[in-house]
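Undergrad: Next one to model:
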Amino acid sequence: MIAAGKSTLAKAWAARHSLSYHNSDVVRKELAGLAAATRRPEDAAQGIYSPEFSRLTYDELLCRAATDLHQNKKVVLDAAYLGRLERDEVNALAGSLGLIAHFVLCECSDQVRRERLAIRAGDPQAVSDGRWEIYHRQRDKFQYPVELSGDQLLVINTAQPLERLLNELEATLKN
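TA: Sure thing, here's the model as predicted:
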């Protein structure tokens, strides 16, 4: 969810392994014809954050992943995947190519989340429009990924230093 550290971790993991990387916030704004750092403080269910526009965003993430995977590139999709349907679509794509999708559930305390949101609010280059009230809506909407097998899901506390998180991922995923 918002400010859980998923983008920092996903981007660093992709860079460490020279993987294709697609961020839902960047893709969403590209689809809307906006620069990535353009602020859109809309309500969670309006404008580029409406369910319809979110569907377009997640469909585009799947298209980009499919393109990469068909070119034998590994890919990191940096997005919330709050619901089972969204995760099922990723699993279906991976399965159609004989691959296994791995999901990393990033967790942290509300205090850490608030601190990250405050830093983000003051960063003119920040891509995410996430705010505290949106986090609460995401939390209410979140469907814990009980459908994922143990080897597909890694739950990680992102309050740790980035290097430790990357090493934990390395040990678990054994790329």
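
Undergrad: Can you say which helix or strand has Val76 in it?
TA: strand 75-78 (DSSP states H and E).

Undergrad: Direction included, what does that strand pair up with?
TA: Counting by DSSP bridges, the strands paired with strand 75-78 are strand 20-23 (parallel).

Undergrad: where do the helices sit along the chain?
TA: Along the chain, the segments classed as helices by DSSP state H run 6-17, 24-31, 51-70, 84-96, 110-121, 132-141, 162-173.

Undergrad: Next, the contact list for the spatially closest residue to Arg139 that is not a sequence neighbour, please.
TA: Spatially, and ignoring its direct neighbours in sequence, Arg139 is nearest to Met1 (6.2 Å; Cβ to Cβ, 6 or more residues apart in numbering). Every C-beta, even on glycine, is put in place using the N, C-alpha and C of the backbone. Contacts for Met1 (Cβ atoms under 8 Å, 6 or more residues apart in numbering) come out as Ala80, Leu82, Tyr135, Gln138, Arg139, Phe142.

Undergrad: contacting residues around the third one?
TA: This means Tyr135. Counted by Cβ under 8 Å, 6+ apart, Tyr135 has contacts Met1, Ile2, Ala3, Arg113, Leu117.

Undergrad: what's the distance between Ser106 and Ser24?
TA: Quick fix: residue 106 reads Cys, not Ser. 14 Å (Cβ to Cβ, to the nearest Å).

Undergrad: Can you tell me how far Arg64 is from Leu85?
TA: Where Leu85 is concerned, Arg64 sits at a distance of 19 Å (Cβ to Cβ).

Undergrad: should've said Ser7
TA: Taking Cβ to Cβ, one finds Ser7 at 22 Å from Leu85.

Undergrad: For the chain, which residues score under the pLDDT cut-off?
TA: When residues are selected by pLDDT under 70, those of the chain lie in 42-44, 175.

Undergrad: picking up where we left off before, who has more neighbours out of Ser7 and Leu85?
TA: Ser7 (21 against 11; other Cβ atoms under 10 Å).

Undergrad: if we can go back for a sec, now, among the contacts of Tyr135, which is nearest to Arg39?
TA: Within those, the smallest distance to Arg39 is 13.5 Å, found for Leu117 (Cβ to Cβ).

Undergrad: Quick one: residues contacting the closest one.
TA: With contact set as Cβ under 8 Å, 6+ apart, Leu117 has these partners: Ile2, Ala3, Gly130, Arg131, Trp132, Tyr135.
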